[in-house]
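Asker: Below are the sequence and a predicted model for it; my questions follow.
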Amino acid sequence: MSASILVLVYLLLALFDKQHKHTICKGVMAFAILGLVLSDRSTADSHIAVQPTGGKDTLKSAFGEWFAMGAAIPGDDLSQAERQLLFRHFGTVTPENCMKPALVHPAPDRFDFAKADALVDLARGNGLTVNGHTLVWHQQCPDWFFRDGAQVAGRELVLARLRAHITAVAGHFAGKLKSWDVVNEAIDDGHDYLRKSPWLTGIGDDFIAEAFIAARKADPKAELYYNDYGIELQPKRDKMLRLLGDLKQRRAPVQGVGIQGHWRIDHIPFKDIEAAIVAFHAEGMRVAITELDIDVGTRATAGAESGTREQDAADPLANGLTADLQRRLADQYGQLFALFFKHRDKISRVTFWGLQDGRSWLNYWPSKRTNHPLLWDRALQPKPALAAVLAAAKAEPPNAPPAGSGPAAPPKASQGH
Ligand code: G3I
């Protein structure tokens, strides 16, 4: 019975009990009314306490409860304003270039960790985690790995170098990184299963498993990812699943799949992205979106094969985005994050490939032109896309079960992964 009904009964009793025959009854009711009013108030208070508090105006406050929000950065050479933006919105970073073999291991007996160390110190010193990128890739990898004097090196030598490189580099950062992109872009874009890279021709198709085994030895704690572009689409998605099967058979300790996410405006394959997230998670993988951007220019090439270039042509967006493009960019970023939020029980991290438009590789690939693929413009002003992304993190009623189905997610880490 609610307090208001009790009050009504009490008043009627008081009105007709002129001779005070029901004094005890009235006393009991008065206590009951007081108790109900107090308990109503405390229920209301606890309800208020579990309501979203609002103020979810940064990427990490909106999504960090579910998955880490990251940005790729060049090193510690960021302006003061960029640092503020980074620390306010993001919980994790990826070095865009400075941990790649060409930069850290330019010659067999020469290592240069200065820039990567500075990045790691900047991030960790400000409470951000770091995702290593990348140990084994066919780009930005010096030729010496694959040479034996004037000859092409044989399997044993290339394999020994792969192991030595991973032991030295992952060993150098051991204990300081959240994860490693152990192998990058090893799946073929065409008819073959694996890309005919110098790693494949030098070692054979066990080079990926060997890389994971070496990485686990060198850094027992970092989460180990395979990272690639276009693996949300067929036929690369099936090849990715085949690779996961092969790696499991070889007892390679792969723990996650990075879907890079270099997409083009009006061509984002939402259905395939969803299918890929579900399929990789069903294989027991953590799923990360590792290099997110949306190219607003036109180009013939899809994907992110940085070895492919197109002729430099006009620069139609040199003065900024048109209102229509700005709206479409916001709308499509919003749809992407609604999808990520729907599958938040499967996703470990979403990382943008750059902090602001002026820093994006899409200003010089596949041709040189002014691009606007990220959430902040060159003046570090948020674009409407930021609001659309934040709006995608819908407030859920307390204790709602996580979205999605399928097998239990691998152990999730908290913000700052
Ligand atoms: O450092 C030199 C500089 O000294 C020189 O003046 C300048 C002239 O062009 O080049 C500079 O190096 C460039 C380097 O980025 C640093 O800015 C290289 O030419 C350029 O090729 C290199 O591009 C990088 C690309 O990987 C290499 O393939 C991009 O910044 C980087 O964003 C991109 O990142 C890759 C991921 O690692 C893997 N997935 C695809 C993604 C996009 O290609």
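Answerer: The structure has been received and is ready for your questions.
Asker: Would you mind listing what in the stretch 1-150 of the chain touches the ligand?
Answerer: Glu96, Asn97, Gln139, Gln140 (Cβ under 6 Å from any ligand atom). Bear in mind the C-beta positions are built from the backbone N, C-alpha and C, glycine included.
Asker: helix, strand or coil for the last one?
Answerer: Put plainly, it is Gln140. coil (DSSP: H, G, I helix; E, B strand; the rest coil).
Asker: any chance you could map the strands in the stretch 1-150 of the chain?
Answerer: 68-73, 92-95, 129-136, 147-148 (DSSP state E, counting those that start in this stretch).
Asker: Among the residues of the stretch 1-150 of the chain next to the ligand, name the buried ones.
Answerer: Glu96, Asn97 (16 or more other Cβ atoms under 10 Å).
Asker: Just flag the most distant two among the residues of the stretch 1-150 of the chain next to the ligand.
Answerer: Glu96 and Gln139 (12.7 Å; Cβ to Cβ).
Asker: Save the strands of the stretch 1-150 of the chain as a markdown table, and put in mean pLDDT and distance to Leu224 too.
Answerer: Listed next are the strands of the stretch 1-150 of the chain as a markdown table, based on pLDDT from 0 to 100; distance: least, Cβ to Cβ, whole Å:
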| stretch | mean pLDDT | distance to Leu224 |
| --- | --- | --- |
| strand 68-73 | 98 | 16 |
| strand 92-95 | 98 | 15 |
| strand 129-136 | 98 | 10 |
| strand 147-148 | 98 | 28 |
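Asker: mind showing which ranges of this protein have poor pLDDT?
Answerer: 1-55, 395-417 (pLDDT under 70).
Asker: Show me what the longest strand seen in it pairs with in its sheet, parallel or antiparallel.
Answerer: The longest strand of the chain (DSSP state E) is strand 286-295. Strand 286-295 has its sheet partners listed here by DSSP bridges as strand 256-259 (parallel), strand 262-264 (parallel), strand 347-352 (parallel).
Asker: And the ones you listed: which comes nearest Arg369?
Answerer: Among the strands paired with strand 286-295, strand 262-264 sits nearest to Arg369 (Cβ to Cβ), with 13.7 Å.
Asker: Apart from its chain neighbours, what residue comes closest to Asp357?
Answerer: Using Cβ to Cβ, 6 or more residues apart in numbering and skipping residues adjacent in sequence, the residue nearest Asp357 is His372, 4.9 Å away.
Asker: What of Trp263?
Answerer: Closest to Trp263 by Cβ to Cβ, 6+ apart is Ile294, at 5.4 Å.
Asker: Lys221 now?
Answerer: In this structure, Lys221 finds its nearest non-sequential neighbour in Gly175, 6.5 Å apart by Cβ to Cβ, 6+ apart.
Asker: quick one on the thing from earlier: can you redo the strands of the stretch 1-150 of the chain as a markdown table with distance to Ala392 and mean neighbour count?
Answerer: As requested, the strands of the stretch 1-150 of the chain are arranged in a markdown table below (distance: least, Cβ to Cβ, whole Å; neighbours: other Cβ atoms under 10 Å):
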| stretch | distance to Ala392 | mean neighbour count |
| --- | --- | --- |
| strand 68-73 | 12 | 26 |
| strand 92-95 | 19 | 26 |
| strand 129-136 | 23 | 26 |
| strand 147-148 | 49 | 14 |
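Asker: For those strands, could you give me TSV that also reports distance to Phe212?
Answerer: Converted to TSV, the strands of the stretch 1-150 of the chain look like this (distance: least, Cβ to Cβ, whole Å):
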stretch	distance to Phe212
strand 68-73	22
strand 92-95	19
strand 129-136	10
strand 147-148	25
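Asker: Which strands and helices lie in contact with the helix or strand hosting Leu339?
Answerer: Leu339 is part of helix 323-342, with elements assigned from DSSP states H and E. Judged by 3 or more Cβ pairs under 8 Å, 6 or more residues apart in numbering; DSSP states H and E, the packing partners of helix 323-342 are helix 59-63, helix 270-282, strand 286-295, strand 347-352, helix 384-391.
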